[in-house]
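Novice: kindly return the folded structure for what I paste below:
(one chain, ligands or ions: 1)
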Amino acid sequence: MDPGFSFASNLGTLHLVIYFDHNATSPILDSALAEYTSVAREFFGNPSSQHRIGSRADRKLEEARSALASLLGDTSGEIIFTASATESANMFFHHFSRLHSDDARIWISAIEHPCVLEAAKLWFPNRFSLIPLLPSGVVDLEWMNSKIGTEKPKLIAVMNANNETGTIQPIDAILSLAKQTDTPCFIDAVQTIGRTSLPELNAHSVYLSGSAHKFGGPRGAAFLRTPEGSFTPLLVGGPQEARKRAGTENLPAIAAMVTALTEQNQQITSGQASLHEQAKAHFEERIESTLGARVLNKESDRLWNTVSAIMPETGCPGRWVVKLDKKGFAVSTGSACSSGKEAASHVLTAMGVSENEASRVIRISSSWNTKNEEWDALYDALAEVKNELES
Ligand code: PLP
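Specialist: Okay, the predicted model is just below:
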């Protein structure tokens, strides 16, 4: 099956849907599904069991761990497998809070995913500063440079690319600032893994999170990369993951995550991103010039797969996504995790987008399998929706 097209719904009728919501979740790749099934059958043992069936599963688990590390370009850290990037962020902030005294302060960007923002608030209540954002959607490096000497934060947390806008943050500059001041960093790389190259992990004290279902792996497999050393677990009650995360490892999903990332990394090295970039740029140019949309953060470095656009004013601002859905196109209003919420997303607010504009924002996110004809079909559907909303 081509993940860009044609999904059978089990709602009674068969719908053909062109799926443009890969930042929310991406369908599992055939290769990953095959690996999942094969590992579930062949390596069903519990990796903690003492018998040979268990040892075999344990070896497979450790193979997956080293394969993932090398796919991330990481030769000096440790990988802790988790069930979601939300869990990774929660366990990170829990661990990090235990390393520091009760008055330690941290920095997090204003546009982090809620799993990072909320975990930071929980474990560092009233002890965090939000790194401000420029209107371009990028964190304010000048602010960071000017304040780091006096504020001396114990941590800098900035995501690699934003899930709503696709804007890529200046992680190399942040890591270099953090290195000069010996400040550890937490990088949520959920939206960049399998889509673009990752920052250099080895040089500095970097924690990094990722999640398989965003890059063609299954749900329930994710990880936290940590520097070598001790780690205070959030989940306790078992010896798994070197006592850093209790609970029987989801080996089939972990192995399938590695298979998915292997395939996606091949796409990165094959240079396909520039072709996708062109298709997206053409689409953006058309929706701006003929539909009156405004693409957000257009001048910034962005993921090749994400478009976030303010659609033109019509009588029914919130109807774009529903009408597109009825025409067979799945797009999002913002982060999937915050959909259903009436208020403007915190990301758009931090970028200075007004409430009214935010109600008209649609997020479109493609995959390596998305075809030019699908972008064209989406454009046509948007033009129809615009006519309908205006009539
Ligand atoms: N971080 C970012 C940037 C995301 O987009 C998401 C999911 O939308 C998450 C974290 C949470 O990932 P998970 O679904 O694995 O908990």
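
Novice: does the host helix or strand of E263 reach the ligand?
Specialist: Per DSSP states H and E, E263 falls inside helix 251-269. No: counting by CB under 6 Å from any ligand atom, the ligand has no neighbours in helix 251-269; the shortest distance is 11.0 Å. For the C-beta atoms, the positions are set from N, CA and C on the backbone; glycine is no exception.

Novice: contacting residues around that helix?
Specialist: In this structure, residues lying in contact with helix 251-269 by CB atoms under 8 Å, 6 or more residues apart in numbering are 28-29, 31-37, 39-40, 43, 47, 57, 60-61, 64, 67-68, 71, 81, 193-197, 212, 215-223, 273, 368.

Novice: show me those that map onto helices.
Specialist: Judged by DSSP state H, helices contain the following of the contacts of helix 251-269: 31-37, 39-40, 57, 60-61, 64, 67-68, 71, 273.

Novice: just the buried subset of these, please.
Specialist: With burial judged by 16 or more other CB atoms under 10 Å, the buried subset of the ones in helices among the contacts of helix 251-269 is 32-33, 35-36, 39, 57, 60-61, 64, 67-68, 71, 273.

Novice: send the alpha carbons of the helix or strand bottoming out on mean pLDDT in the chain over as CSV?
Specialist: Lowest on mean pLDDT, DSSP states H and E among the helices and strands of the chain sits helix 355-358, with a mean of 90. C-alpha atoms of helix 355-358 as CSV (Å, rounded to 0.1, in the frame of the first residue of the first chain):
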residue,chain,number,x,y,z
GLU,A,355,-6.7,34.6,17.6
ASN,A,356,-8.7,35.4,14.4
GLU,A,357,-5.8,34.3,12.1
ALA,A,358,-5.1,31.2,14.2
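
Novice: may I see the buried residues of it?
Specialist: For helix 355-358, burial by neighbour count (16+ other CB under 10 Å) applies to 357-358.

Novice: can you check stretch 152-166 too?
Specialist: Neighbour-count burial for stretch 152-166 [16+ other CB under 10 Å]: 153-166.

Novice: the residues you listed: which two are farthest apart?
Specialist: Using CB to CB, the buried residues of stretch 152-166 span at most 29.4 Å, a distance reached by K154 and G166.

Novice: quick one: T262 and S88, what's the gap?
Specialist: The gap separating T262 from S88 is 21 Å, by CB to CB, to the nearest Å.

Novice: between those two, who's got more neighbours?
Specialist: Neighbour count, other CB atoms under 10 Å: between T262 and S88, S88 has more, with 31 against 17.

Novice: gap between that one and the ligand?
Specialist: Shown here: S88 relative to the ligand, a distance of 8 Å by CB to the nearest ligand atom, to the nearest Å.

Novice: and the least confident helix or strand of the chain, what does it pack onto?
Specialist: Contacts defined by 3 or more CB pairs under 8 Å, 6 or more residues apart in numbering; DSSP states H and E place helix 355-358 against helix 346-350.

Novice: residues contacting the helix it packs on, please?
Specialist: In contact with helix 346-350 (CB under 8 Å, 6+ apart) are residues 110-111, 114, 117, 130, 132-133, 162, 164-165, 296, 334-335, 357-358, 361.

Novice: just give me the closest of these to the ligand.
Specialist: The nearest member of the contacts of helix 346-350 to the ligand, counting by CB to the nearest ligand atom, is S335 at 5.8 Å.

Novice: contacting residues for I287?
Specialist: Under the criterion of CB under 8 Å, 6+ apart, the contact list for I287 reads 293, 295, 309, 379, 382.

Novice: and the helices in this protein?
Specialist: Listed in chain order, the helices of the chain (DSSP H) span residues 30-42, 52-71, 85-99, 114-123, 141-151, 171-180, 240-243, 251-269, 273-291, 320-326, 346-350, 355-358, 372-390.

Novice: so can I have CSV of these showing distance to T314?
Specialist: Shown next, in CSV, are these (distance: least, CB to CB, whole Å):
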stretch, distance to T314
helix 30-42, 40
helix 52-71, 45
helix 85-99, 35
helix 114-123, 29
helix 141-151, 37
helix 171-180, 38
helix 240-243, 51
helix 251-269, 37
helix 273-291, 11
helix 320-326, 8
helix 346-350, 19
helix 355-358, 12
helix 372-390, 4
